[in-house]
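> only geometry, no sequence info:
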């Protein structure tokens, strides 16, 4: 059973809203900074476009959990590029801007605890040279979305390593289970409504058929007036049947025996 366009759009919108809300909440708790509304809107649109073709059929728990995990990973990288850089503290500010770039690569998580050696190692693992750190510290021109996306792609394994990856997986499992329960209830309602519509169609068809059969039986039973064929033929010939009457017993005349021959001769004379 497939869903219509309206139900498919509703399911995709709910999934995108849950995925963006979960990723934004995790990013805010980890980074401690705000996210622009444009970034949230872009993430919602991206997840909606991906989930819309997949929202036509009922999804399993494994599929929902996998989509949530992939969506959180992609939104994590998007929010890392779209978040505003946090102000550098006294321990992390240096002339080359290495600590500032390391904070951006780590989504500003634990920015006050980074030592210069750790910041240099993170930047080196990302494949960036000191020239990139100098350009990053010089102005916002180097922090373009393309550069941020490239650096985030190079450090994707590090960004999703350890507790962060475990948190994303646990959140995907819990919310995937909840969404699966809602998914099962929704499709149960869809199937029940489809069955109710089919039963209603059958009942209406049966009622219409019974009404037609009753009308045919009424016509066949002779409810309409008919004229007998014999009566019509007699009226055409002008023959009117004579009424019959029963004779009473006291008015019956009986004939006696014949008279003798003498009496007959007398009468003849």
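Now that the structure is in, tell me what you want to look at. It should be emphasised that the depicted structure is a prediction, and the values quoted were computed from it without experimental measurement. Residues are numbered from 1 along each chain as shown.

> how many neighbours does residue 66 have?
Summarising burial for residue 66: neighbours were counted as other C-beta atoms under 10 Å, giving 14. Every residue, glycine included, has its C-beta placed from N, CA and C.

> what's the answer for residue 183, then?
Residues lying near residue 183 (other C-beta under 10 Å) number 21.

> Report the separation between it and residue 55.
Distance check for residue 183 against residue 55: by C-beta to C-beta, to the nearest Å, it reads 10 Å.

> for residue 70, same thing?
Residue 70 sits 15 Å away from residue 55 when distances are taken as C-beta to C-beta.

> Between these two, which is the more surrounded one?
Neighbour totals were compared for residue 70 and residue 55, and residue 55 leads with 21 against 14 (other C-beta under 10 Å).

> right, and the more buried one touches residue 12 too?
Yes - counting by C-beta atoms under 8 Å, residue 55 does reach residue 12; the two are 4.3 Å apart.

> Tell me which helix or strand residue 178 sits in.
Under the criterion DSSP states H and E, the helix or strand holding residue 178 is helix 163-220.

> So for the helix or strand harbouring residue 66, what gets flagged as buried?
In this structure, residue 66 is located in helix 61-82 according to DSSP H and E. With burial defined by 16 or more other C-beta atoms under 10 Å, the residues of helix 61-82 counted as buried are 64-65, 67-69, 71-82.

> Could you do stretch 43-58 as well?
By neighbour count, and taking 16+ other C-beta under 10 Å as the criterion, the buried residues in stretch 43-58 are 43-44, 46-48, 50-52, 55-56, 58.

> and of these, the nearest to residue 27?
The shortest separation between residue 27 and any of the buried residues of stretch 43-58 is 10.2 Å, and it belongs to residue 43 (by C-beta to C-beta).

> report the angle between the axes of the one helix or strand that closest one maps to and helix 61-82?
Applying DSSP H and E as the criterion places residue 43 in helix 37-51. Here helix 37-51 points in a direction 150 degrees away from that of helix 61-82 (axes from the mean of the first three to the mean of the last three C-alpha atoms, to 10 degrees).

> what about helix 37-51, average pLDDT?
Throughout helix 37-51, pLDDT has a mean value of 87.

> same deal with stretch 14-26?
Summarised as a single mean, pLDDT over stretch 14-26 is 83.

> got it, and stretch 78-90?
The predicted model assigns stretch 78-90 a mean pLDDT of 55.

> Likewise for stretch 64-72?
The average pLDDT for stretch 64-72 rounds to 82.

> can you tell me how far the closest residue to residue 54 other than its chain neighbours sits from residue 209?
Sequence neighbours aside, residue 67 is the residue nearest to residue 54 in space, at 7.2 Å (criterion: C-beta to C-beta, 6 or more residues apart in numbering). Between residue 67 and residue 209 the computed distance is 48 Å (C-beta to C-beta).

> Alright, I will stop here.
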